[in-house]
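Asker: I would like to see how this sequence folds:
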Amino acid sequence: MSRLGHGARRVILVLVVATGLFWFGAPRFFNSSDTTTFTPSRVNFDKLCRDHGGAPSTVGEAGPPQKFCVVRYGDRDYVMDAITTNGFDNDAALLNRQGCEQAAAAEGAKRRAFVYHANTGVCEHRR
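Answerer: Next up is the predicted model:
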């Protein structure tokens, strides 16, 4: 076996391992911040909902029932999008926060106020 053939095999092996790490392992391994979207999938939805100040609700007229977590601010009920059957969805809470901030900036000093509640991930619309 020539030296060039052995070296070429090493290069190919290194490329295969590097590609595997790139696609499957390295990004999560080197990411030190905890940015997981969901809490573990074996979550007790009702307990999680109550822990965040909500009330579990089920709706299912046409098809299987769907679980929702509802919270009341003032005289209005809000569905807590961040509470899911998979746990607390940080991305949904962040999107609600950004939407709340944008709505507040657009509304300015007009009659409505928008208040974001971090514990529930809900943007409350006050009159």
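Asker: what residue ranges in this structure score low on pLDDT?
Answerer: 1-4, 7, 14-42, 60, 107-111 (pLDDT under 70).
Asker: can you give me the helices for it?
Answerer: If DSSP state H is used as the criterion, the helices of the chain fall at 3-20, 26-30, 45-51, 90-107.
Asker: what about N90, neighbour count?
Answerer: Number of residues near N90 (other Cβ atoms under 10 Å) recorded here: 16. (C-beta placed from N, C-alpha, C; glycine too.)
Asker: just R72 next, same as before
Answerer: A count of neighbours around R72, defined by other Cβ under 10 Å, yields 12.
Asker: Who are the contact partners of it?
Answerer: Contacts were defined as Cβ atoms under 8 Å, 6 or more residues apart in numbering; by that measure R72 touches A55, Y78.
Asker: Any figure for the gap between it and R10?
Answerer: Distance from R72 to R10, counting by Cβ to Cβ, to the nearest Å: 65 Å.
Asker: Repeat that for A103.
Answerer: With distances taken as Cβ to Cβ, A103 is found 58 Å from R10.
Asker: more neighbours, the two?
Answerer: Neighbour totals were compared for A103 and R10, and A103 leads with 15 against 9 (other Cβ under 10 Å).
Asker: That one: what's it in contact with?
Answerer: When contacts are counted by Cβ under 8 Å, 6+ apart, A103 touches F114, C123, H125.
Asker: which of the residues you listed has the most neighbours?
Answerer: C123 (22 neighbours).
Asker: Find the nearest non-adjacent residue to that residue, please.
Answerer: With Cβ to Cβ, 6 or more residues apart in numbering as the measure, C100 is the residue that lies nearest to C123, at 3.4 Å, once sequence neighbours are left out.
Asker: now H117
Answerer: Closest residue to H117 apart from its sequence neighbours, by Cβ to Cβ, 6+ apart: E124 at 6.3 Å.
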